[in-house]
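Peer 1: sequence and predicted structure, then a few things I'm wondering about:
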Amino acid sequence: MEEDFINLVENNQGLIHKICRLYGDNEEDRNDLFQEILLQLWKAYPGYSGKAKISTWMYRIALYTAMGDLKKRKRRIQHLKVKNTELNSADLNFDLEHVQAGISLLNAGDKALLALYIDDKPYQEIAEIIGITENNVGVRLNRIKKKLRESLKV
Amino acid sequence: MELEEIKDYIRKEQPNYSRAEIQDILRIRTKRSLSRVNSTMFWDAVFMGLTVAMLVGVTFIIGLKDKYIISLELIGLALCLFIHYRIKYRLLNKINFDIDLHNAAQTAIKRLSKFISIYLWIIPSSVSAIYLYTQFRLFEVTSWQWGETLSRFSLVIPIAVITLLITRGLIRIMYQRHLKALKHIVNDLA
């Protein structure tokens, strides 16, 4: 079973990395989150029923794990709010720190949508994973675009 | 900044772990998780030991020295703790990912809230009932005196209130963090 699981993670690790990138502010956070997601997937793996596509199932667990840590998330948001106000718009480029700061100002639900959008998931699948309507997916993605434009202002 | 640019940025920045690396990460993380579980289990065991000692002490103090009663109490206590840990494990670890995230989190909240309400009713009522039962048994063998009877029975309400407060405190320690996190997930996804 471990072999199958390792194969699964090896072939789908991109989705975990995307989520870690969106929910973690720094390398340490991202590594911790990657490990935590891996552990949760491993614990849930024997119970995978095959009702949902394996990537959908992996997304649900990974997003649930990433969204679940309330304390870390609060600390992160506060830290980045301070960091964002310190950024001088004249010095801003589309560098990594800047993009990361913009993303971190989104709430956990918006990040989940963004993660799925980045993976080119169709609206229908995004709706299935998150549990909102397809129309709502479109509306919320537009709101996310607007929020990012405003927070990054470049 | 457009979403397309963020898409490129996220894709460019992605590491790629080898099979061996994934295996190592999983092993290290599983080991760390196990040691965390062990330390939780240690404190659970300490809590269980103290509860049993307290129960045995109270049983002797109030004069119920019957070995069968004590054995039954211990079996009952062990059964309650076993059920509690099973429910706790299922509540916090068994999330149904066959359904969407929003529904999965909502179901978990409902289940957790129901469990908390049951706890809040059952524990104070059981403690009060046990107290009443022991008092009733003692009065069977002694003479009925209204003053003493009233003073003994009047303790039921303070006992129930204190137990309720202790139960609420314990529930807060055990489940409040999880409940808050789940509510945040539901709010953020809605």
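Peer 2: Great, that's in hand. Keep in mind that this is a model prediction, so the values were computed, not measured.
Peer 1: list the contacts for A:Tyr123?
Peer 2: With contacts defined as CB atoms under 8 Å, 6 or more residues apart in numbering or on different chains, the neighbours of A:Tyr123 are A:134, A:137-138. Using the backbone N, CA and C atoms, a C-beta is placed for each residue, glycine as well.
Peer 1: please pick the buried ones from these.
Peer 2: Among the contacts of A:Tyr123, those classed as buried by neighbour count (16 or more other CB atoms under 10 Å in any protein chain shown) are A:Val137.
Peer 1: what is the nearest of the contacts of A:Tyr123 to chain B?
Peer 2: Nearest to chain B out of the contacts of A:Tyr123 is A:Val137 (CB to the nearest CB; 11.5 Å).
Peer 1: need the three-state assignment for the closest one.
Peer 2: Following DSSP: H, G, I helix; E, B strand; the rest coil, A:Val137 is assigned to helix.
Peer 1: coming back round to it: quick check: of the contacts of A:Tyr123, which lies closest to B:Gly76?
Peer 2: Closest approach to B:Gly76 among these (CB to CB): A:Val137, at 51.8 Å.
Peer 1: surely that closest one is in contact with A:Leu113?
Peer 2: Yes. Shown here, A:Val137 and A:Leu113 form a contact pair, counting by CB atoms under 8 Å, at 6.9 Å.
Peer 1: and for the two, which residues touch both?
Peer 2: A:126, A:130.
Peer 1: run a quick neighbour tally on A:Thr65.
Peer 2: When neighbours are defined as other CB atoms under 10 Å in any protein chain shown, A:Thr65 has 21 of them.
Peer 1: now for it: which residues touch it?
Peer 2: Residues A:33, A:36-37, A:40 are the ones in contact with A:Thr65 under the rule CB under 8 Å, 6+ apart.
Peer 1: pLDDT at it, what is it?
Peer 2: On pLDDT, A:Thr65 comes in at 89.
Peer 1: same check on A:Leu22?
Peer 2: With respect to pLDDT, A:Leu22 has a value of 84.
Peer 1: can you tell me the helix or strand for it?
Peer 2: If you go by DSSP states H and E, A:Leu22 is part of helix A:2-23.
Peer 1: pull the CA atoms of that helix into PDB?
Peer 2: Taking Å, rounded to 0.1, in the frame of the first residue of the first chain, the C-alpha atoms of helix A:2-23 are listed here in PDB:
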ATOM      1  CA  GLU A   2       2.900   2.400   0.800                       C
ATOM      2  CA  GLU A   3       4.300   1.900  -2.700                       C
ATOM      3  CA  ASP A   4       0.900   2.800  -4.300                       C
ATOM      4  CA  PHE A   5       0.700   5.800  -2.000                       C
ATOM      5  CA  ILE A   6       4.200   7.100  -2.900                       C
ATOM      6  CA  ASN A   7       3.400   6.600  -6.600                       C
ATOM      7  CA  LEU A   8       0.200   8.600  -6.100                       C
ATOM      8  CA  VAL A   9       2.000  11.500  -4.300                       C
ATOM      9  CA  GLU A  10       4.900  11.400  -6.800                       C
ATOM     10  CA  ASN A  11       2.500  11.800  -9.700                       C
ATOM     11  CA  ASN A  12       0.300  14.400  -8.100                       C
ATOM     12  CA  GLN A  13       2.700  16.300  -5.900                       C
ATOM     13  CA  GLY A  14       2.200  19.500  -8.000                       C
ATOM     14  CA  LEU A  15      -1.200  20.000  -6.400                       C
ATOM     15  CA  ILE A  16       0.200  19.800  -2.900                       C
ATOM     16  CA  HIS A  17       3.000  22.200  -3.800                       C
ATOM     17  CA  LYS A  18       0.500  24.700  -5.200                       C
ATOM     18  CA  ILE A  19      -1.500  24.600  -2.000                       C
ATOM     19  CA  CYS A  20       1.600  25.000   0.100                       C
ATOM     20  CA  ARG A  21       2.700  27.900  -2.000                       C
ATOM     21  CA  LEU A  22      -0.600  29.600  -1.500                       C
ATOM     22  CA  TYR A  23      -1.100  28.900   2.200                       C
END
